[in-house]
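Trainee: Could you work out the structure for the sequence below:
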Amino acid sequence: MLDQISDRLQAVVKFLRGEAKITEKNMGEALKMLRMAFLEADVSYKVVKEFEAHIKEKSLDEAVLDSLTPAQQVIKIVRDELTDMLGHSQSKLEFSPAPPSVFMLVGLQGAGKTTTCGKLARKVAEQKKAPLLVSFDLKRPAAQDQLKIIGQTLQIPFYELSRDQMAHPQEALREAVDYAREHGHDPLIVDTAGRLHVDEELMEELRLARSILNPVETIYVGDAMTGQDAVRSASEFAERIGLTSIILTKLDGDARGGAALSIVSVTGKPIKFVGVGEKLDRLEVFHPDRMASRIMGMGDVLSLIEKAEKETDLKETEELARKLRKQEFSLEDFRKQLIQLKKMGPLSQVLGDLPVGGPFKQMSKLKVDDKKLAYFEAIINSMTPRERDNPKIINGSRRQRIARGSGRPVSEVNQLLKQYLEMRKLMKKSQFQKMLSSFPN
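Mentor: Next comes the predicted model:
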């Protein structure tokens, strides 16, 4: 995600680190590079100008210029300003002191609003809440069926509005709130109608729903891949019905980053979650500081650790650490790690959370097609226990047998063995051995 802007900003960081001292001339060159990076990423021109002005003012301060590491100081300033642009700090969902808390999701058609309702319900259910889903769309009856199926998949209750109720929308919404209150549901998550573009009929319908529901959260759901279109739509929704927060969907497919980098500054509302995949568990809390670090090439190790703690088996991890210390990392261990990595999400995203430098430099550059994880697992499953423990014995005839058994070409068997050996070499290095020393023996 945000690969284009990330590559450009990392080039700026490399340029600044190569300068012995910061001057107005090389700072001007760096600012030009920053400006072009943001404009090419489809960031709002007004936001870019403000960002550039802040960087210039702080970077040419005497305290920065006279410091022992002026380039590092400027890089920190860029990171801090980028964090502020993205929202400064994490914003949590608001809940009403008198349940049910109503979360009303709004946005244009095709942004993934209905699916996001399900993802959000799953997320709050993890916090020991009891969400209730309801669909309020006067134009598209099938919207109810879609959200009902999502609710059934997640085993989260869905309140279905009958045709008679939909004919009297004000009463229907009040009845949904009463039902949630009487049955102890909190929050009530309301999906609303969408259109291909903002029109007065849609705004009137949403204003009606908002006046009756009095939501504690009115959340705009925007498609990150539409760039400035998402920002403009969010601005209109904010002006005409009022918003409290934003969820950006499809951030995993957004290479440029214009929406993520503009929408907070333009609307004044925080991004609280981001969708990073189609599956119903692919909704992540948005951390501006972590995203800024990731864009700057400093990685997002905290998020990676949180995913690992949630999805991996602690005993298996400790056993793996013990084997790595003794350099006993086998293909069977590799297979187990592939299974755990799949649970953490797309491998490209997991590797993207690593810093681009230091001991992680080579690992962060590994290019593995997420679809091949299943193929690699099949290949290892086709090996004998002896071959998994000692891959050096896997000669040409064995490779052909393994390929036939797994249904994959010999070239993929070779690729797997090559990547396994590269990972083993990497994990033998002193930096990793030092890191592993923190695990229990």
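Trainee: Check which helix or strand the nearest residue to residue 11 once chain neighbours are set aside maps to.
Mentor: By the measure of C-beta to C-beta, 6 or more residues apart in numbering, the closest residue to residue 11 outside its immediate chain neighbours is residue 33, 6.7 Å from it. Using the backbone N, CA and C atoms, a C-beta is placed for each residue, glycine as well. Mapping residue 33 onto the secondary structure by DSSP states H and E places it in helix 24-40.
Trainee: about what we covered before: thought the residue nearest to residue 11 was touching residue 10?
Mentor: No - with contacts defined as C-beta atoms under 8 Å, residue 33 does not count as touching residue 10, sitting 10.9 Å away.
Trainee: roughly how far apart are the most centrally placed residue in the chain and residue 14?
Mentor: When the chain is reduced to its mean C-alpha position, the nearest residue by C-alpha atoms, centre = their mean turns out to be residue 276, at 4.5 Å. Between residue 276 and residue 14 the computed distance is 27 Å (C-beta to C-beta, to the nearest Å).
Trainee: now do residue 182
Mentor: Residue 182 sits 61 Å away from residue 14, taking C-beta to C-beta as the criterion.
Trainee: ditto for residue 121
Mentor: Spatial separation of residue 121 from residue 14 under the definition C-beta to C-beta is 43 Å.
Trainee: ok, those two, which is more surrounded?
Mentor: Neighbours around residue 121 and residue 14, counted as other C-beta atoms under 10 Å, are more numerous at residue 121. The numbers are 27 against 10.
Trainee: buried residues in the helix or strand where the more buried one lies?
Mentor: Assigned by DSSP H and E, residue 121 falls within helix 113-125. Of all the residues in helix 113-125, those buried under the rule 16 or more other C-beta atoms under 10 Å are 113, 114, 115, 116, 117, 118, 119, 120, 121, 122, 123, 124.
Trainee: Show me what the spatially closest residue to the fifth one that is not a sequence neighbour is bridged to.
Mentor: Nearest in space to residue 117, with sequence neighbours left out and distances taken as C-beta to C-beta, 6+ apart, is residue 191 at 4.6 Å. With DSSP bridges applied, the residues forming beta bridges to residue 191 are residue 105, residue 135.
Trainee: Adjacent strands (with direction) for the strand ranked longest in the chain?
Mentor: Longest strand in the chain, counting residues (DSSP state E): strand 217-223. Looking at strand 217-223 with DSSP bridges, its partner strands are strand 102-106 (parallel), strand 245-249 (parallel).
Trainee: Looking at these, spot the one closest to residue 330.
Mentor: Distances from residue 330 to each of the strands paired with strand 217-223 were compared using C-beta to C-beta; the minimum, 40.0 Å, belongs to strand 245-249.
Trainee: Just the endpoints, please. Distance across stretch 276-283?
Mentor: By C-alpha to C-alpha, to the nearest Å, the extent of stretch 276-283 from end to end equals 6 Å.
Trainee: That should have said stretch 150-161, apologies.
Mentor: From the first residue to the last, stretch 150-161 extends over 16 Å; the measure is C-alpha to C-alpha.
Trainee: if we can go back for a sec, CA atoms only for the helix holding residue 121 - export them in PDB, please.
Mentor: The C-alpha coordinates for helix 113-125 follow below in PDB (Å, rounded to 0.1, in the frame of the first residue of the first chain):
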ATOM      1  CA  LYS A 113     -19.900   0.400   2.900                       C
ATOM      2  CA  THR A 114     -22.000  -2.800   3.600                       C
ATOM      3  CA  THR A 115     -18.900  -5.000   3.900                       C
ATOM      4  CA  THR A 116     -17.300  -2.500   6.200                       C
ATOM      5  CA  CYS A 117     -20.400  -2.600   8.500                       C
ATOM      6  CA  GLY A 118     -19.700  -6.300   8.900                       C
ATOM      7  CA  LYS A 119     -16.000  -5.700   9.500                       C
ATOM      8  CA  LEU A 120     -16.700  -3.000  12.100                       C
ATOM      9  CA  ALA A 121     -19.200  -5.300  13.900                       C
ATOM     10  CA  ARG A 122     -16.600  -8.000  14.100                       C
ATOM     11  CA  LYS A 123     -14.000  -5.600  15.400                       C
ATOM     12  CA  VAL A 124     -16.300  -4.300  18.200                       C
ATOM     13  CA  ALA A 125     -17.400  -7.800  19.000                       C
END
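Trainee: tell me the angle that helix makes with strand 102-106.
Mentor: Between helix 113-125 and strand 102-106, the angle formed by their directions is 150 degrees, by axes from the mean of the first three to the mean of the last three C-alpha atoms, to 10 degrees.
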